[in-house]
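Novice: Structure here, sequence nowhere to be found:
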Ligand code: COA
């Protein structure tokens with residue numbers, strides 16, 4: 001991926017954070033088939049890239065994304081089911097399958113427009129921060145489809161039913177402050193501090209044990225679909241898994257730094273990793 005020329009995606013790496021930016025600002029970062037193929041390949045490669053500890057999904061030109069490209073994704077493929085299927089598979093794979101179970105923490109950084117299909121990567125990412133003046137819209141109702149792929153499902157699973165129905169059925173735009181209020185993002189900040197606040201969150205995540213963080217985010221997501229018996233069993237197994245694969249031996253290190261060294265308080269901060 002690193003050596004391939006990307007036309008619709010920009011990748012920037014800095015201090016463990018990799019910024020993956022949709023890059024069609026002249027189309028408000030509407031997502032074309034080409035963009036989906038590039039995003040899918042890019043995220044696949046970054047998942048095992050040693051320089052990447054946190055992935056931030058955003059867009060260039062001050063726009064998150066105006067959703068699916070209504071021309072190149074929908075209309076141009078109306079008579080080409082094979083091309084449509086290939087594009088839709090890549091679109092769903094990177095926005096949901098990859099992001100939902102990504103091995104590294106992911107943050108959606110939203111400025112400008114976040115419309116329609118862009119809610120998939122918004123909600124596929126583990127965390128989301130937006131500019132207070134960002135513009136969110138489930139616009140599908142306004143141009144004649146329902147919020148498809150998994151947009152309706154992801155929205156319904158994230159916010160209260162009244163809010164989900166209201167915004168999906170009315171298609172009214174709302175800003176970052178409202179997005180935080182209804183719980184579709186973690187928090188909204190003034191546009192001028194969006195990048196700095198995103199870096200701050202990424203740094204907090206990078207201070208955690210990667211193995212424990214990975215297991216925790218997978219666990220919180222997976223237990224949603226389980227009953228209590230399944231969840232007890234899964235969480236016990238997942239907890240044991242960490243003890244086997246965790247290079248930092250976080251459990252014993254954390255306990256020892258608290259109980260023996262008395263060097264930190266877990267209520268307020270993470271233990272200090274051995275290699276620091
Ligand atoms: N699909 C295809 N093209 C899009 C697009 C989309 N989702 N969103 C924007 N564009 C294109 C416009 O057609 C325009 O192209 P042009 O320069 O060739 O005419 C260009 O991007 C700029 O858009 P424009 O509408 O002029 O910019 P704006 O800043 O005034 O408005 C939006 C931006 C996002 C509010 C408006 O373009 C819009 O409502 N787009 C549709 C978004 C949508 O419903 N997406 C849901 C898809 S699931």
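Specialist: The structure has been received and is ready for your questions. This one's a predicted model, so the numbers in the text were calculated from it and none came from an experiment.
Novice: Every contact and neighbour count from this point should use C-alpha atoms.
Specialist: OK.
Novice: Could you give the number of residues near the residue nearest to residue 264 when sequence neighbours are not counted?
Specialist: Nearest non-adjacent residue to residue 264, counting by C-alpha to C-alpha, 6 or more residues apart in numbering: residue 258, 5.7 Å away. Residues contacting residue 258 under the criterion other C-alpha atoms under 10 Å number 15.
Novice: Over to residue 204?
Specialist: 11.
Novice: tell me which element it is part of?
Specialist: helix 194-206 (DSSP states H and E).
Novice: Now the element after that helix, going C-ward?
Specialist: helix 210-222.
Novice: which secondary structure elements does whatever helix or strand comes next after that following helix contact?
Specialist: With elements assigned by DSSP H and E, the helix or strand that comes after helix 210-222 is helix 228-245. In terms of contacts (3 or more C-alpha pairs under 8 Å, 6 or more residues apart in numbering; DSSP states H and E), helix 228-245 is packed against helix 210-222.
Novice: Contacts for the helix it packs on, please.
Specialist: Outside helix 210-222, the residues that touch it by C-alpha atoms under 8 Å, 6 or more residues apart in numbering are 100-101, 103-105, 126, 205, 235, 238-239, 242, 245-247, 250.
Novice: so where do the helices sit in the stretch 1-150 of the chain?
Specialist: 33-46, 81-92, 99-100, 118-124, 140-143 (DSSP state H, counting those that start in this stretch).
Novice: what about these, which gets the closest to residue 66?
Specialist: helix 118-124 (6.7 Å; C-alpha to C-alpha).
Novice: relative to helix 210-222, how tilted is the helix holding residue 204?
Specialist: On the basis of axes from the mean of the first three to the mean of the last three C-alpha atoms, to 10 degrees, helix 194-206 is oriented at 110 degrees to helix 210-222.
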